[in-house]
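Asker: no sequence for this one, just the structure:
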């Protein structure tokens, strides 16, 4: 039993020490500290932050990218009135009827849009005071049409690296897509 005595003594000592520490910590928390808070300024106001306006380049890119999304939404609406409403913010009025005519063919075939292009914009060039051109090495490899009922892919829009120049014009305060020209030239991203 003598061999176990030092172990017992250590355990008792550890227990007493632990109880003492717990009591000390509890005692420390029982009194409230007196802390002086800083005085409030009589007329404190937050500084007014005005967000920076987007640049012309940013507006042109947003219109270009928005056009692609709006076109898919218009196709998938399967409704000429809804499609016209969706496209109005992205293309000139004169182009809408031609786009809807093309969509009607897709609707008759039971096709919907799938996927979305991946943009790799090479440059945005201002071609006039109210016109611009977006040069894009666009990835259309996962974008196209599918059968609405079966989900089978029935057509794609392009390849992984299609060089596309899209023209835009500023009309009534909005950048609208006025045309797209595929360029037979390699591009990389």
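Answerer: It's in. Values in this document were obtained by computation on a predicted structure and should not be read as measured data. Numbers count the residues shown, from 1 in each chain.
Asker: after the helix-or-strand element of the chain with minimal mean pLDDT comes which helix or strand?
Answerer: Here the helix or strand of the chain ranked lowest by mean pLDDT, DSSP states H and E is helix 5-30, holding a mean of 43. Using DSSP states H and E, the helix or strand that follows helix 5-30 in sequence is helix 56-77.
Asker: by how many degrees do whichever helix or strand comes after that next one and helix 56-77 diverge?
Answerer: Using DSSP H and E, the helix or strand that directly follows helix 56-77 along the chain is helix 80-87. Angle between the axes of helix 80-87 and helix 56-77 is 170 degrees (criterion: axes from the mean of the first three to the mean of the last three C-alpha atoms, to 10 degrees).
Asker: ok, residues contacting helix 80-87?
Answerer: Helix 80-87 has contacts (C-beta atoms under 8 Å, 6 or more residues apart in numbering) with 70-71, 73-75, 77, 96, 99-100, 103-104. Every residue, glycine included, has its C-beta placed from N, CA and C.
Asker: Make JSON lines from those residues and add neighbour count to it.
Answerer: Putting the contacts of helix 80-87 into JSON lines (neighbours: other C-beta atoms under 10 Å) gives the following:
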{"residue": "70", "neighbour count": "19"}
{"residue": "71", "neighbour count": "19"}
{"residue": "73", "neighbour count": "14"}
{"residue": "74", "neighbour count": "25"}
{"residue": "75", "neighbour count": "21"}
{"residue": "77", "neighbour count": "18"}
{"residue": "96", "neighbour count": "19"}
{"residue": "99", "neighbour count": "17"}
{"residue": "100", "neighbour count": "18"}
{"residue": "103", "neighbour count": "22"}
{"residue": "104", "neighbour count": "13"}
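Asker: Low-confidence bits of this protein, can you list those?
Answerer: Along the chain, the parts satisfying pLDDT under 70 run over 1-33, 37-38, 40-42, 44, 46.
Asker: One more pass at 50, please.
Answerer: Residue ranges of the chain with pLDDT under 50: 1-2, 7-29.
Asker: ok, so what distance separates residue 130 from residue 67?
Answerer: To residue 67, residue 130 is 17 Å away according to C-beta to C-beta, to the nearest Å.
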